[in-house]
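> no sequence on this one, just coordinates:
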């Protein structure tokens, strides 16, 4: 018996207005969010991205698994990842999260990358979102380069003198 599963990959779900930290003005209709976004600190942005990840069932499950159910550690990793000034020493959890944000490996990578980009674009101004996306992609490239390691030069065994 064969059971087929169908996975729908959708763009990021809208982040609720409460996560944006702004309220619609009295002149704006109740169903619209103002086009200007509040300036968020790195910690506030990390918390809002954290909340968006917790709201997505699949991403929530995967991050619960890779963090061993230590959600404060996930939030801390997001703080480090989203901080352009201090991201040189990533924990193994932070490196895993960066990989999920950029590599598009497997189902989770294909879901998380556009979801993360969509959440950022809803939370901060477009130019800030693009800078943060480039920053995370740079972290990913550095982690990939480090994982490959230096190319070791090996001399042939018969060429060695004892």
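On my side now, so go ahead. Nothing here was measured: the structure is a model prediction, and the numbers come from that model.
> check contacts around the residue nearest to residue 96 when sequence neighbours are not counted.
Spatial nearest neighbour of residue 96, excluding adjacent residues (Cβ to Cβ, 6 or more residues apart in numbering): residue 66 at 5.2 Å. The way it works is simple: take the backbone N, C-alpha and C, and place the C-beta from them, glycine included. Neighbouring residues of residue 66 by Cβ atoms under 8 Å, 6 or more residues apart in numbering: 93, 96-97.
> How about the secondary structure of residue 89?
Of the three states, residue 89 takes coil according to DSSP: H, G, I helix; E, B strand; the rest coil.
> For it, give me the pLDDT.
Listed pLDDT for residue 89 reads 81.
> do residue 40 as well
For residue 40, the predicted pLDDT is 87.
> so where do the helices sit in this protein?
With DSSP state H as the criterion, the chain has helices at 17-20, 42-55, 57-66, 71-82, 92-102, 106-123, 126-148.
> Give me the buried stretch members for the last one, please.
Judged by neighbour count (16 or more other Cβ atoms under 10 Å), helix 126-148 contains these buried residues: 128-129, 132-133, 136, 139-140, 143.
> go on, the third one?
The neighbour-count criterion (16+ other Cβ under 10 Å) identifies 59, 62-63, 66 as the buried residues of helix 57-66.
> picking up where we left off before, rebuild the buried residues of helix 126-148 as CSV, extending it with pLDDT.
Output for these, formatted as CSV (pLDDT from 0 to 100):
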residue, pLDDT
128, 94
129, 95
132, 95
133, 95
136, 94
139, 93
140, 93
143, 85
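> Please identify which of those residues is nearest to residue 101.
Closest approach between the buried residues of helix 126-148 and residue 101, by Cβ to Cβ: residue 136, at 5.4 Å.
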